[in-house]
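K.L.:
what follows is a protein structure lacking sequence information:
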């Protein structure tokens, strides 16, 4: 279906015509045509039904159509057309979502947190053919990327991250030596788009309350609607299993905190516990984000700011190269740990 832009046409009498045309020919190929209507914007569609000739057009604004076009539209609606049904819409959404969620109950990798490191990790894991899903408590996916710096929707990346951006077909703008900028909205939407094209399944509005433990390792997640925790309702959750879990929840390191607080386990950190995030030191923080990415407990990996929070790294502000590299490293480490590349 091809929409045409409004096309002002002057008649001999100086009147203006405007039209949009959307054509679906019987052979399934796109074609274009213009049918102006005096002083109106109209929408036409060629109905590919056997009872209509190949030249038959139905007007979607019957009150401004000619008699013949109006009768054709009425015929389509009465004899062959099908109005939308609200229950069918509801059933389609419910059935499709339930299938998607059911398929995600047994995963190779469950990622918690939809920020840059989680999305990049999801991209590389899905690209490697692994069954991977990402869960985000909030409505929007993207974590802290959207806001850029202090709601100026621009952000900075470094030279080292350009190879990842290139794989996502993103070209940053040169600012000065060692510094490149990106529109934060463009970066967010492209990461999401490319990751899902690679096969990552994304579930927004789902919060993670707890982890599943099997044989002294993290083996899954306990999930509930994000609104349940926001409202403070006591509603029992549901569970999924995963060979590996990636905590990409940012500064709060939610999943690692739950594990330590409930199970009292010792982590693979200097102190054996969650060290805590330090204040701002961008150059140090960027290198630490990648270095700190990895497995902190059997079955549980950390990336992005969650990695720095767990290991005691610094924060870096609106510089995102380290976040992208952290996501890539998390995927590589998980693949090397036990999933392989095949």
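P.N.:
Structure's in. What do you need? Fair warning: this is a prediction, and the values are worked out from it, not measured in the lab.
K.L.:
residues near residue 237, how many?
P.N.:
Using other C-beta atoms under 10 Å, residue 237 is surrounded by 16 other residues. All C-beta spots, glycine's among them, are computed from the backbone N, C-alpha and C.
K.L.:
which residues touch it?
P.N.:
209, 210, 222, 223, 224 (C-beta atoms under 8 Å, 6 or more residues apart in numbering).
K.L.:
inside strands: which ones of the residues you listed?
P.N.:
Residues from those lying in strands, with DSSP state E as the criterion: 209, 210, 222, 223, 224.
K.L.:
for stretch 147-157, which outside residues touch it?
P.N.:
Against stretch 147-157 from outside (C-beta under 8 Å, 6+ apart): 145-146, 165, 172, 175, 179-185, 187, 317-321, 324.
K.L.:
now it: buried residues?
P.N.:
Going by neighbour count (16 or more other C-beta atoms under 10 Å), the buried part of stretch 147-157 is 147, 148, 153, 154, 155, 156, 157.
K.L.:
just the pLDDT at the fourth one, thanks.
P.N.:
Model confidence at residue 154, expressed as pLDDT, equals 98.
K.L.:
if it is in a bridge, with which residues?
P.N.:
residue 183 (DSSP bridges).
K.L.:
compare the contacts of residue 237 and tell me which is most surrounded.
P.N.:
When neighbours are counted by other C-beta under 10 Å, residue 223 leads the contacts of residue 237 with 24 neighbours.
K.L.:
pretty sure that residue sits against residue 209.
P.N.:
Yes: when contacts are counted by C-beta atoms under 8 Å, residue 223 is listed as touching residue 209 (7.0 Å).
K.L.:
for the residue sitting nearest the centre point of the chain, which non-adjacent residue is spatially closest?
P.N.:
In the chain, the residue lying closest to the centroid (C-alpha atoms, centre = their mean) is residue 192, at 3.8 Å. Spatial nearest neighbour of residue 192, chain neighbours left out: residue 141 (5.4 Å); criterion: C-beta to C-beta, 6 or more residues apart in numbering.
K.L.:
re earlier: return the member of the contacts of residue 237 nearest to residue 294.
P.N.:
Nearest to residue 294 out of those is residue 210 (C-beta to C-beta; 22.3 Å).
K.L.:
leaving out chain neighbours, which residue sits closest to the closest one?
P.N.:
residue 222 (3.7 Å).
K.L.:
ok, that neighbour to residue 259 distance?
P.N.:
Distance, residue 222 to residue 259, using C-beta to C-beta, to the nearest Å: 12 Å.
K.L.:
shared neighbours of these two, which are they?
P.N.:
Taking C-beta under 8 Å, 6+ apart as the contact rule, residue 222 and residue 259 both touch residue 211.
K.L.:
check what pLDDT residue 39 gets.
P.N.:
With respect to pLDDT, residue 39 scores 41.
K.L.:
right, I mislabeled it, should have said residue 316
P.N.:
97.
K.L.:
gap between it and residue 326?
P.N.:
Look at residue 316 and residue 326: by C-beta to C-beta, they are 11 Å apart.
K.L.:
neighbour count winner among the two?
P.N.:
Using other C-beta under 10 Å as the criterion, residue 316 and residue 326 rank with residue 326 on top: 32 against 23.
K.L.:
any idea how many residues pack against residue 218?
P.N.:
By the measure other C-beta under 10 Å, the count of residues near residue 218 is 27.
K.L.:
these two touch, right, it and residue 245?
P.N.:
Yes: with contact defined as C-beta under 8 Å, residue 218 counts as touching residue 245 (5.1 Å).
K.L.:
find the residues that touch each one of these two.
P.N.:
211, 299, 300.
K.L.:
now do the contacts for the last one.
P.N.:
Translated: residue 300. Listed by C-beta under 8 Å, 6+ apart, the contact set of residue 300 reads 211, 218, 244, 245, 247, 255, 256, 259.
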